[in-house]
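A.B. asks: no sequence on hand, only this structure:
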């Protein structure tokens, strides 16, 4: 039978040595997040300006799709 020994000092020293960094996020996820935020901003802004609900929804969805494509294709670190 395997016996695990647990020493508090070892655990604390390992925790101090660990380096935390931001997780890697895929470009598609980043593009979707940007798209969703701007869609809500445009849609709620159009509703606040008393545009008709259907018109504001359609225009915001079309603009959000364009933003998604723009961020997905051009929104990254330049390799050169």
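C.D. replies: Received it, and whenever you're ready, just let me know what you need. Just so it is clear, the model here is predicted, and its values are computed rather than measured. Numbers count the residues shown, from 1 in each chain.
A.B. asks: ok, then the element right after the lowest-mean-pLDDT helix or strand in the chain?
C.D. replies: Lowest by mean pLDDT, DSSP states H and E among the helices and strands of the chain is helix 8-17, with a mean of 65. Using DSSP states H and E, the helix or strand that follows helix 8-17 towards the C-terminus is helix 27-48.
A.B. asks: low-confidence ranges in the protein?
C.D. replies: Filtered on pLDDT under 70, the chain yields the residue ranges 1-7, 10-20, 22, 76-80.
A.B. asks: can you rerun that using 90?
C.D. replies: Flagging of the chain using pLDDT under 90 yields the residue ranges 1-35, 67-80.
A.B. asks: neighbours of residue 64, just the number please.
C.D. replies: 21 (other CB atoms under 10 Å). Heads up, the C-betas are built off the backbone N, CA and C, glycines and all.
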